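Colleague: No letters, just coordinates:
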């Protein structure tokens, strides 16, 4: 068991619980009811506010703010939380807000995620595993991000939007509707583009070529057949006979509240 290394200038609440082999750098602040798992590294000038649970082997870089109050005008100081899994890397100036009572009280982040500089995760967001946020990626409140998603630099995601697993969002995008699993898209004020399946990302995550080809065929039905979404789903059911791939896509569409991103371009 290795001893922890705590800077004498760090401020740590007596109500915080730190695991073994913890490093806390100069001028960092750790608040009440914070738990940090073994082998955690909290670098200098970071703030981890109350009601934050962080798993093992996480590294928090300088000037991060985690567990701060939600930016929600209805929030009245209620007891809400941030829950983070293990093996996460949180880069400089990232902000992660606690949940709200109306959103389930918890902002959650899974395991093996990499949040780059200036990332922001707002209240009540649910982030899965193996997700990468490029510099400045921003989630509004109540956003759901499934596993192995990449969100490009300075992209922003509207509240209540869902990003499906293995999706890739290009930089400087403004995401207003749900993004299907396995899709590669970009979106801005002036144009919208759908680029098909995120083939490279899928292969990097061990997904077979056959699976990728079926996703491509399904996307052609959804985006390029001229069918509306309801008609496209019925065709998927017939053509793919409840295959694993089709069930993932159909289930995701069935749960949408904001509608799904469709392939079109326009100029403002």
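Modeller: Right, received. Where do you want to start? Keep in mind the model is a prediction, meaning the values are calculated, not measured.

Colleague: When you work out contacts or count neighbours from here on, use the C-alpha atoms and nothing else.
Modeller: Noted.

Colleague: can you tell me which residues contact residue 40?
Modeller: Contact analysis of residue 40 by Cα atoms under 8 Å, 6 or more residues apart in numbering lists 19, 21, 22, 23, 55, 56, 57, 58, 59.

Colleague: my bad, should have said residue 196
Modeller: For residue 196, the contacting residues are 183, 184, 185, 216, 219, by Cα under 8 Å, 6+ apart.

Colleague: In strands only, show me these.
Modeller: 183, 184, 185 (DSSP state E).

Colleague: low pLDDT regions in the stretch 1-150 of the chain?
Modeller: 1-2 (pLDDT under 70).

Colleague: run the last query once more with 50
Modeller: In the predicted model of the stretch 1-150 of the chain, no residue satisfies pLDDT under 50.

Colleague: Where do the helices of it begin and end?
Modeller: Taking DSSP state H, counting those that start in this stretch as the criterion, the stretch 1-150 of the chain contains no helices.

Colleague: Then the stretch 151-268 of the chain?
Modeller: 199-204, 209-224, 229-240, 244-254.

Colleague: Among these, single out whichever gets nearest to residue 146.
Modeller: helix 244-254 (10.9 Å; Cα to Cα).

Colleague: Run the angle between the closest one and helix 229-240 for me.
Modeller: Relative orientation of helix 244-254 versus helix 229-240 (axes from the mean of the first three to the mean of the last three Cα atoms, to 10 degrees): 170 degrees.

Colleague: quick one: the most centrally placed residue in the chain and residue 195, what's the gap?
Modeller: Taking Cα atoms, centre = their mean, the centroid of the chain lies closest to residue 127, which sits 3.7 Å from it. Using Cα to Cα, to the nearest Å, we find residue 127 at a distance of 24 Å from residue 195.

Colleague: Lovely, talk soon.
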